[in-house]
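Trainee: Give the three-dimensional model of this entry:
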Amino acid sequence: MIRKHTLALGLSACFILSGCNDKIEEANKVSEKTAAQATAAITEPAMQQPAQAMVEDQHAPSPIKGAITVADLYAKKKDLNGQAVVIQGKVVKVSDGIMGKSWVHIKDGTGGKDTNEVVFTSATQSATVGDQITAKGTLSVDKDFGYGYFYSVIVEEAVFSK
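Mentor: Numbering: from 1, shown residues only. I've put the predicted structure just below:
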């Protein structure tokens, strides 16, 4: 639980480390309202929704012919290896400029703990976190890039559209 003094001490440390010693007193004057908001944000339980409700809330586009779900991709990965696949979903993470590519993580509300997200790579395009997109590319199975970067499924040479 964050207390007013703990928050103020943390802010003071930040100002000291950044060379703003003259702002320490200002940081120590954290309002009761700010401290209460910080405490509430940490102590309130997160609302959880079933996966299907999350997909409906994302205003998913109408299905495209030939598109499959993330769960289906994992279930049929051996049969689809080396083939073009299409998935519609929400962009949850983007890492640009890694190995000359954008790495776009997409979820569609299907799949289990380790099978609910697919990584797409593209040397020509990227995406924005939060966007609902259609992603197309070539599926690779059991791809090992070394240094602990192993993907049981990854879609390469991807193109994205909204």
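Trainee: host element of Thr134?
Mentor: Remark: Thr134 resides in strand 132-144, with elements defined by DSSP states H and E.
Trainee: Mind checking what helix or strand follows that strand in sequence?
Mentor: Tracing the chain past strand 132-144, the next element assigned as helix or strand by DSSP H and E is strand 150-161.
Trainee: helices or strands up against that following strand?
Mentor: Strand 150-161 is packed against helix 70-75, strand 118-122, strand 132-144, with contacts defined by 3 or more C-beta pairs under 8 Å, 6 or more residues apart in numbering; DSSP states H and E. Placement of C-beta: from N, CA and C, glycine included.
Trainee: which of the ones you listed sits most buried?
Mentor: Each of the helices and strands packed on strand 150-161 was scored by mean neighbour count; the highest is strand 118-122, a mean of 23, by mean count of other C-beta atoms under 10 Å.
Trainee: what number of residues lie near the residue lying closest to Trp103 once chain neighbours are set aside?
Mentor: Distances taken as C-beta to C-beta, 6 or more residues apart in numbering put Ser95 closest to Trp103, at 4.3 Å, once the chain neighbours are dropped. Other residues near Ser95 come to 14 when the count uses other C-beta atoms under 10 Å.
Trainee: And Val159, by the same measure?
Mentor: The criterion is other C-beta under 10 Å. On that basis, Val159 has 13 neighbouring residues.
Trainee: Contact partners for the residue nearest to it when sequence neighbours are not counted?
Mentor: Setting aside the residues directly before and after it, Val159 is nearest to Lys136 in space (C-beta to C-beta, 6+ apart), at 5.3 Å. Taking C-beta atoms under 8 Å, 6 or more residues apart in numbering as the definition of contact, the neighbours of Lys136 are 84-86, 158-160.
Trainee: ok, back up a step: using the three-state scheme, assign the residue nearest to Trp103.
Mentor: The three-state label for Ser95, taken from DSSP: H, G, I helix; E, B strand; the rest coil, comes out as strand.
Trainee: My guess is it contacts Val119. True?
Mentor: No: look at Ser95 against Val119 with C-beta atoms under 8 Å: they stay out of range, at 9.2 Å.
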